[in-house]
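1. based on what follows, work out the 3D shape:
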Amino acid sequence: MLQHGINAAMAANPIGAILIAVTALVAVLGGAYKLWDAFTMSAKEAE
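-> The predicted structure follows:
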């Protein structure tokens, strides 16, 4: 039932799916940027 509603909304307004995808990408890149120093420190320790 819920899936039918989501499918109908995406069929009516596919730009919403694009906006959700771009928002998710920005969130992932922002999180990676914030954790970059911790990642590089742990990578150097592993060498």
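2. least trustworthy helix or strand in the chain by mean pLDDT?
-> Every helix and strand in the chain was compared by mean pLDDT, DSSP states H and E; the lowest is helix 2-12, with a mean of 79.
3. avg pLDDT for the very next helix or strand once past that one?
-> Stepping forward along the backbone from helix 2-12, the first helix or strand reached (DSSP states H and E) is helix 15-34. Averaged over helix 15-34, pLDDT sits at 88.
4. what angle separates helix 15-34 from helix 2-12?
-> On the basis of axes from the mean of the first three to the mean of the last three C-alpha atoms, to 10 degrees, helix 15-34 is oriented at 100 degrees to helix 2-12.
5. what lies in contact with helix 15-34?
-> With contact meaning C-beta atoms under 8 Å, 6 or more residues apart in numbering, helix 15-34 is reached by 9-10, 39. All C-beta atoms are positioned from the backbone trio N, CA, C, and that covers glycine.
6. between those residues, which is nearest residue 1?
-> Lowest distance from residue 1 to the contacts of helix 15-34 (C-beta to C-beta) belongs to residue 9, with 13.3 Å.
7. thanks a lot, see you next time.
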